[in-house]
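Peer 1: only the shape, not the letters, is given here:
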């Protein structure tokens, strides 16, 4: 594909402008903001201690283990409600049953989980 010299020079000048801007950012802006607070923000870390992280992971493992012990129907409905984010109405429509059946099933699953996790 051939393009005119004018079009090539226009694109080439855009590329040079982009490189110039990236150099300015790299040399001046990026280097001028190296502080603890900005590094922490850039890292994306929550700052959670290793102990808290371990406790959270253990609690999650216990929860997943307890959920796996639920009857299949309760487990499926609980997961759809809490983890997938569906409403009782949406789950009832998917499973061709009543809203009340879903609500009772999820409530029963919650009670069983509370007992298992005590």
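Peer 2: Yes, it's here. The shown structure was predicted, so the numbers you read here are calculated from the model rather than taken from an experiment.
Peer 1: residue 92 touches residue 105, doesn't it?
Peer 2: No - between residue 92 and residue 105 there is no contact under CB atoms under 8 Å: 10.1 Å. Yep, even glycine has a C-beta here, placed from its N, CA and C like the rest.
Peer 1: and the two? which has more neighbours close in?
Peer 2: A direct count of neighbours by other CB atoms under 10 Å for residue 92 and residue 105 places residue 105 higher, at 23 against 18.
Peer 1: does residue 2 count as helix, strand or coil?
Peer 2: Assigned with DSSP: H, G, I helix; E, B strand; the rest coil, residue 2 falls in the coil class.
Peer 1: what pLDDT does the model give it?
Peer 2: The model reports residue 2 with a pLDDT of 76.
Peer 1: that one: neighbour count?
Peer 2: For residue 2, the neighbour count with other CB under 10 Å is 5.
Peer 1: quickly note the distance from it to residue 8.
Peer 2: From residue 2 over to residue 8 the distance is 10 Å, taken as CB to CB, to the nearest Å.
Peer 1: gap between the closest residue to residue 79 other than its chain neighbours and residue 87?
Peer 2: Spatial nearest neighbour of residue 79, excluding adjacent residues (CB to CB, 6 or more residues apart in numbering): residue 67 at 7.3 Å. Residue 67 sits 20 Å away from residue 87, taking CB to CB as the criterion.
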